[in-house]
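1. Here is the input, now give the coordinates:
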Amino acid sequence: MAERYDAIIIGGGHNGLVCAAYLAKAGLKPLVLERRPVHGGAAVTEEIAPGFRASIFSYLMSILHPRIQADLELKRHGLEIMPCSDMLAPLDDGDYIVFSDQVKRTQESFARFSPKDAAVYPEFDRFLTENAEVFRKLLWETPFDPTRRDWKTVKQMFGFARRNRKYADKFFRVYDMLTMSAYDFLSEWFEDDRIKAILAYYASIGTFAGPKTPGSAYVIMHHVMGENAGAGGWGFIRGGQGAISDAIASAAVESGAKILTDSAVREVRVVDGRVRGVVTSDGREYEAPLVISNAHAKLLYLNLVGEKHLPEEVVREIKGYRSFSTAFKANLAVERPPQYSCMDRALKDGALGDWTYPTYVHIAPDIDYLERAYDDAKHGWYSSAPFITPVVPTIVDDTLAPKGKHVVNLFGGHAPYELKGGDWAVEKDKFQKNVLDTMDRFAPGFSSDIIGGQFLVAQDIENIVHLPQGHIFQGELSADQLFFKRPIPHYADYRTPIHGLYLCGASTHPGGGVSGINGYNAAREVLKDRGTRSAMGFAVR
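-> Alright, predicted model coming up:
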């Protein structure tokens with residue numbers, strides 16, 4: 001006989017765990033089913049070499065929202081946020097630029113290259129902060145369907161307009177961020193291409209775009225909306241990113257949720273347009289009137305539900321949802337941190353403040369470097385000189401490596417999911433050499449310090465955590481795949497055409513990143529549909 005629960009969450013990634021925690025706090029009994037042996041999805045910490053542990057996919061903490069941290073009492077459940085240094089950007093000539101959340105320090109670094117850019121930076125920082133405030137507000141909104149004219153939707157649109165009326169004068173700023181290229185947007189402020197690259201870099205992280213691609217300006221904003229310490233709000237979690245998932249899971253279980261690993265869902269059972277439960281790959285059946293999927297929207301609709309239960313328009317739209325990835329990730333056990341050519345000069349200048357070594361680095365010395373990396377991928381091949389974010393969490397976290405040794409995470413692009421005229425089985429080692437050659441170019445001898453580790457391209461990411469085409473955001477962050485079009489029109493409000501079936505993963509608004517907001521918003525809509533008034537401090541509109 002099938003076990004019965006109030007709700008079933010498919011996928012134990014951080015958004016699924018957040019959703020389960022809030023539902024449990026509201027008095028429901030949710031079951032979380034996770035395919036892998038460990039919960040956490042892309043926010044996990046695992047061994048990469050004997051004695052070395054690393055954040056395998058997600059590798060920095062930025063947008064895990066303080067509201068969720070407080071609601072779920074994550075500090076009490078073991079969450080410890082650790083500082084990240086200012087970002088250091090090595091240049092080809094042995095020089096460097098520092099990007100800091102301290103405006104004066106960034107301004108001083110910019111002044112060495114362009115007094116004009118340094119002078120305008122405080123105004124730009126204010127502009128970015130004001131825009132971030134707008135986008136941060138929108139994170140918590142449930143997208144409405146602007147094509148509908150029923151009273152419920154009109155009420156939703158009126159409420160949206162009322163809540164956000166003070167931002168009306170910023171409409172054109174928001175529009176610019178959604179439509180302009182990062183390069184054009186930044187060129188309205190700065191003249192030096194090395195300085196532009198400091199922020200344009202964010203526009204390429206995790207997305208198939210270059211700094212001159214229309215719409216890439218928004219991706220800058222998505223990455224700098226964090227509200228924690230460090231440049232752009234970045235920080236580390238003691239114990240790695242898996243500690244985030246562990247803390248959320250602990251909070252969920254304490255409130256009454258149940259979590260099962262090694263429990264891949266094979267089918268979502270639908271009868272007469274209503275969800276009835278799920279069946280796992282080993283034949284176990286679980287019944288519930290509510291099923292909330294943290295899996296990628298394509299997997300839910302096309303694999304777990306099936307086209308026969310869906311309107312043709314939904315099938316057509318979800319098949320067109322873009323998630324082609326060009327990201328790669330390397331997790332390395334090393335003898336010592338990268339020895340950047342610019343380090344002696346940076347330390348002599350006092351550019352790192354109280355830090356004696358940078359935890360957070362961007363390798364992309366100018367705009368053309370970023371654009372060339374994208375050009376290679378645009379034509380179907382991997383970058384000959386990839387952009388790279390090396391981070392060294394073991395500078396502040398002694399739990400990840402033996403004493404005196406270190407872990408280095410390398411993340412960057414571009415390495416297309418599919419190669420034109422090539423096969424990753426043949427080309428992966430060659431691309432890895434490109435990555436290490438690039439590291440050696442800016443940090444001589446780095447590759448000879450490697451003890452062991454792993455190197456992942458998009459196909460590996462897809463195979464391990466079931467992200468279609470390995471896209472870390474479960475879909476491109478482009479204007480046609482945001483807000484009321486994410487993942488598809490008419491069903492961006494966390495609901496689906498199937499009664500009782502919801503989405504809570506990164507393929508919903510507000511997109512990817514370890515924020516927990518997708519899971520929070522989905523839980524709010526589930527409770528709203530049940531007529532449940534929340535006792536956890538969030539409004540059920």
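2. I figured P386 hits L410, correct?
-> No: the pair P386 / L410 is not scored as a contact, 9.2 Å apart, by C-beta atoms under 8 Å. C-beta coordinates here come from the backbone N, C-alpha and C atoms, glycine included.
3. excluding its backbone neighbours, what's nearest G470?
-> The shortest distance from G470 to any residue other than its chain neighbours is 3.0 Å, reached at A458 (C-beta to C-beta, 6 or more residues apart in numbering).
4. got it, and G206?
-> Per C-beta to C-beta, 6+ apart, closest to G206 is I472, 4.5 Å.
5. again with L17
-> Nearest residue to L17, sequence neighbours excluded (C-beta to C-beta, 6+ apart): I248, at 4.2 Å.
6. Toward the C-terminus, what is the element adjacent to the host helix or strand of that neighbour?
-> I248 is part of helix 242-255 when elements are defined by DSSP states H and E. Downstream of helix 242-255, the first helix or strand assigned by DSSP H and E is strand 258-260.
7. ok, E46 - contacts?
-> V38, R53, A54, I56, G242 (C-beta atoms under 8 Å, 6 or more residues apart in numbering).
8. is it true that the last one touches T45?
-> Translated: G242. Yes: under the criterion of C-beta under 8 Å, G242 makes contact with T45 at 3.2 Å.
9. ok so, going back, state the mean pLDDT of the helix holding I248.
-> Regarding helix 242-255, the rounded mean pLDDT is 98.
10. same check, this time on stretch 181-193
-> Average pLDDT, stretch 181-193: 93.
11. Pull the number of nearby residues for the nearest residue to H14 once chain neighbours are set aside.
-> Spatially, and ignoring its direct neighbours in sequence, H14 is nearest to A43 (4.8 Å; C-beta to C-beta, 6+ apart). Residues within reach of A43, counting by other C-beta atoms under 10 Å, total 29.
12. Ok, S216 next?
-> So S216, with other C-beta under 10 Å, has 27 neighbours.
13. Ok, V361 next?
-> 24.
14. and what of W355?
-> Counted with other C-beta under 10 Å, W355 comes out at 18.
15. mean confidence score for the helix or strand encompassing L347?
-> Secondary structure assigned from DSSP H and E places L347 in helix 343-349. For helix 343-349, mean pLDDT rounds to 93.
16. on contacts alone, who are the packing partners of it?
-> Helix 343-349 sits against strand 96-99, with contacts defined as 3 or more C-beta pairs under 8 Å, 6 or more residues apart in numbering; DSSP states H and E.
17. The strand it packs on: partners in the sheet, and parallel or antiparallel?
-> In the sheet, strand 96-99 lines up against strand 87-90 (antiparallel) (DSSP bridges).
18. returning to that earlier point: dump the residue contacts of the residue nearest to L17.
-> By C-beta under 8 Å, 6+ apart, I248 lies in contact with H14, L17, V18, A21, L72, L74, H77, G516.
19. and if we set it to 10 Å?
-> Counting by C-beta atoms under 10 Å, 6 or more residues apart in numbering, I248 makes contact with 12-21, 39-40, 43, 64, 68-69, 72, 74, 77, 79, 516, 519.
20. Relative to M221, how far out is the residue nearest to H14?
-> Counting by C-beta to C-beta, to the nearest Å, the gap from A43 to M221 is 22 Å.
21. now do I395
-> To M221, I395 is 28 Å away according to C-beta to C-beta.
22. can you check L33 too?
-> Between L33 and M221 the distance is 34 Å, computed by C-beta to C-beta.
23. follow-up on the earlier one: I figured the residue nearest to H14 was touching N294, is that so?
-> No: A43 is beyond contact range of N294, at 11.7 Å (criterion: C-beta atoms under 10 Å).
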